[in-house]
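[1] with the input below, show me the fold.
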Amino acid sequence: MKRIVVLGSTGSIGTQTLDVARRHADKLEVVALAAGTRAEELLAQAREFGVHHLGVGDGRLAGEPVADELAAQARGGARPADAPSSLAEAVARRSAAGEGSLGFGAQAVADLVRLPEADIVVNALVGAAGLRASYETLRAGKVLALANKESLVVGGDLIMPLAAQVDAQRRAAGTAPAAGPAGALMPIDSEHGAIYQCLLGEDAREVARLWVTASGGPFRGRTRGELAHITPAQALAHPTWNMGAKISIDSSTLMNKGLEVIEAHHLFAMPYDRISVVVQPQSAIHSMVEYSDGSVKAHLGTTDMRIPIQFALSYPERWDAPVAPLDFTKLGSLEFAAPDTDTFRCLALARAAGERGGTLPCAMNAANEVAVAAFLAEEGTYLGIAACVEAVMDAHDVQPVESLEQLEAVDAWARTKAREWIAGR
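    Below is the predicted model of the structure:
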């Protein structure tokens, strides 16, 4: 039985992770859950899975009525008639005894990764807020099942050495698989999960190129002029994947693919000049690995995130498919094309940030988050996303990555710069 913590449990990846846990209740036990703002949904999940360790990222919800219900769930019983202070005391006593806990704020969410009963932490938090949770997960010696792109985009220089340390600990303790990677860091992204599987059993020295596939998003083939008046509703209509709002916008601008290139660089220790992006509109090929002899291994499958989520949790085993397998007789053709980086400039900007390295990816990522949020709120334009990112990158004084605190300071600076740029348009 593997015991898992799900951070970001009410989002797209989080809910699909819980579906995998529901289907494999004999193999997975959910021991902690955390959400950002959807406290009512978190409560329903906690009740279904019998979870008593809970975290809510939005500290403002501590004073809301749902906080009492969450406290009762953490307490381990039905909601009593006590005043909220009595509930809080009861939760505190259970927490001290290691029996249950409830916390509000970013630190409370990150604290869940250190629970002694947890084996695997699924980090499905959105944005740079997930970096500290990833860092603390590996510092605690837990397996990190990573869906939070920013952990590696922003902090790959810190995260990967920690993952190597946990891999070594797992091998020394005999908890790593007998063959293959030790599995301290398991990517949940369909692209990186695909590359991970294509590399199994291979000699990394014989890898010539990583091919990261992209659907092309909803605006594939359009010109910059045709993108000038795009609305959030249009940008959210992804052709194949069901994702959250921020990731859907990133997919439409190809920023998502740029972030994945940086992730692949860190995850697989691959130079940027040996990582290529190819548009594959059917999204049937999730990524490919090219070898020195010209052979190419491709990972194909149904466009359902439960497949890479399940592999990240089941590794080194493979469990029964969570969805119907791909029917090749109905697939039809497979198309390939080069990405249009002149129209979709975010891909080129992200790659440039990764190649320069240091703190530049952190500044780039923060600016993108602010610009995307402004676009979704109809306070900025679609093409303004790339323009804002470029302006912040140009203004940033790049330094080597030294600590989480340094990256958090860069993140804050870049967000302020991005907001100033948007306000000045």
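
[2] quick one: pLDDT of Phe132?
    Quick fix: residue 132 reads Arg, not Phe. At Arg132, the predicted lDDT confidence score is 92.

[3] and it, what element?
    Taking DSSP states H and E as the definition, one finds Arg132 inside helix 130-139.

[4] elements contacting that helix?
    When contacts are defined as 3 or more C-beta pairs under 8 Å, 6 or more residues apart in numbering; DSSP states H and E, helix 130-139 sits against helix 106-111, strand 120-123, strand 143-146, helix 150-173, helix 404-423. Where C-beta positions appear, they are placed from N, C-alpha and C, glycine not excepted.

[5] show me which positions of that helix end up buried.
    Within helix 130-139, the residues scored as buried using 16 or more other C-beta atoms under 10 Å are Gly130, Leu131, Arg132, Ala133, Ser134, Tyr135, Glu136, Thr137, Leu138.

[6] and what of stretch 173-184?
    Burial within stretch 173-184, assessed by neighbour count using 16+ other C-beta under 10 Å, is assigned to Ala176, Pro181, Ala182, Gly183, Ala184.

[7] from Gly183, how far out is the first one?
    In this view, Ala176 and Gly183 are 6 Å apart by C-beta to C-beta, to the nearest Å.

[8] spell out which residues are contacts of both of the two.
    Asp167, Arg170 (C-beta atoms under 8 Å, 6 or more residues apart in numbering).

[9] just for this structure, where's the confidence low?
    Low-confidence regions of the chain, defined here as pLDDT under 70, cover residues 77-98, 128, 238-243.

[10] what residues sit buried inside stretch 404-413?
    Judged by neighbour count (16+ other C-beta under 10 Å), stretch 404-413 contains these buried residues: Leu407, Glu408, Val410, Asp411, Trp413.

[11] closest to Asp250 among the residues you listed?
    Within the buried residues of stretch 404-413, proximity to Asp250 (C-beta to C-beta) peaks at Asp411, which comes in at 16.8 Å.

[12] touching, that closest one and Val154? I think so.
    Yes: in this structure Asp411 lies within contact range of Val154 using C-beta atoms under 8 Å: 7.2 Å.

[13] could you find the closest non-adjacent residue to the residue nearest to the spatial centre of the chain?
    The C-alpha lying nearest the average C-alpha coordinate of the chain belongs to Asn148 (C-alpha atoms, centre = their mean; 1.9 Å). Computed as C-beta to C-beta, 6 or more residues apart in numbering, the closest residue to Asn148 that is not its neighbour in sequence is Gly130, at 3.3 Å.

[14] tell me how far the one you found lies from Gly201.
    Counting by C-beta to C-beta, the gap from Gly130 to Gly201 is 30 Å.

[15] now do Ser134
    Applying C-beta to C-beta, the value for Ser134 to Gly201 is 27 Å.

[16] what sits against the closest residue to Gly36 other than its chain neighbours?
    If you skip the residues right next to it in sequence, Gly36 has Gly57 as its closest partner in space, 4.2 Å away by C-beta to C-beta, 6+ apart. Neighbour list for Gly57: Ala34, Ala35, Gly36, Thr37, Phe104, Gly105, Ala106, Ala108, Val109, Leu125, Ala129 [criterion: C-beta under 8 Å, 6+ apart].

[17] give me the number of residues near the fifth one?
    When you say that, I think you mean Phe104. 21 (other C-beta atoms under 10 Å).

[18] identify the bridge partners of it.
    In this structure, Phe104 bridges to Val56 when assessed by DSSP bridges.

[19] can you pull the contacts of it?
    Gly55, Val56, Gly57, Asp58, Gly59, Leu61, Ala62, Ala67.

[20] what do you get for the second one?
    In this structure, Ala35 makes contact with Gly8, Ser9, Thr10, Gly11, Gly14, Glu41, Leu42, Gly55, Val56, Gly57, judged by C-beta under 8 Å, 6+ apart.

[21] do a quick rundown of the strands in the chain.
    2-7, 28-35, 53-56, 101-104, 120-123, 143-146, 185-187, 207-214, 275-279, 285-291, 296-300 (DSSP state E).

[22] go through these and name the closest to Glu390.
    Among the strands of the chain, if distance is taken as C-beta to C-beta, the winner is strand 275-279, at 18.9 Å.

[23] what lies in contact with the closest one?
    209-216, 220, 257, 261, 264-265, 335-339, 347.

[24] those residues, buried ones only, as a PyMOL selection?
    Applying 16+ other C-beta under 10 Å to those, the buried members can be selected in PyMOL as follows:
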select buried, resi 210+211+212+213+214+215+216+220+257+261+264+265+339+347
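
[25] domains of the protein?
    According to automatic domain parsing, the chain is divided into the following domains: 2-187, 190-356.

[26] and Glu48, which of the helices and strands packed on helix 130-139 is closest to it?
    The closest approach between Glu48 and any of those, judged by C-beta to C-beta, belongs to strand 120-123 at 16.5 Å.

[27] chain center to that closest one: distance?
    10 Å (C-alpha atoms, centre = their mean, to the nearest Å).

[28] and what of stretch 330-343?
    Taking C-alpha atoms, centre = their mean, the mean C-alpha location of stretch 330-343 is offset from the chain mean by 24 Å.

[29] before we move on, back to that, tell me the one of the buried residues of helix 130-139 nearest Ala353?
    The closest of those to Ala353 turns out to be Leu131 (C-beta to C-beta; 15.8 Å).

[30] neighbours of Asp58, how many?
    16.

[31] now it: how far from Thr10?
    Summarising the geometry, the distance separating Asp58 from Thr10, computed by C-beta to C-beta, is 12 Å.

[32] now swap in Val279 and tell me
    Val279 sits 32 Å away from Thr10, taking C-beta to C-beta as the criterion.

[33] and what of Lys257?
    Relative to Thr10, and taking C-beta to C-beta, Lys257 is found at 26 Å.

[34] got JSON lines for the helices and strands packed on helix 130-139, with distance to Asp304 too?
    Listed next are the helices and strands packed on helix 130-139 as JSON lines, based on distance: least, C-beta to C-beta, whole Å:
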{"stretch": "helix 106-111", "distance to Asp304": "27"}
{"stretch": "strand 120-123", "distance to Asp304": "17"}
{"stretch": "strand 143-146", "distance to Asp304": "17"}
{"stretch": "helix 150-173", "distance to Asp304": "23"}
{"stretch": "helix 404-423", "distance to Asp304": "32"}
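
[35] now the buried members of the contacts of Gly57.
    Buried among the contacts of Gly57 by 16+ other C-beta under 10 Å: Ala34, Ala35, Gly36, Phe104, Gly105, Ala106, Ala108, Val109, Leu125, Ala129.
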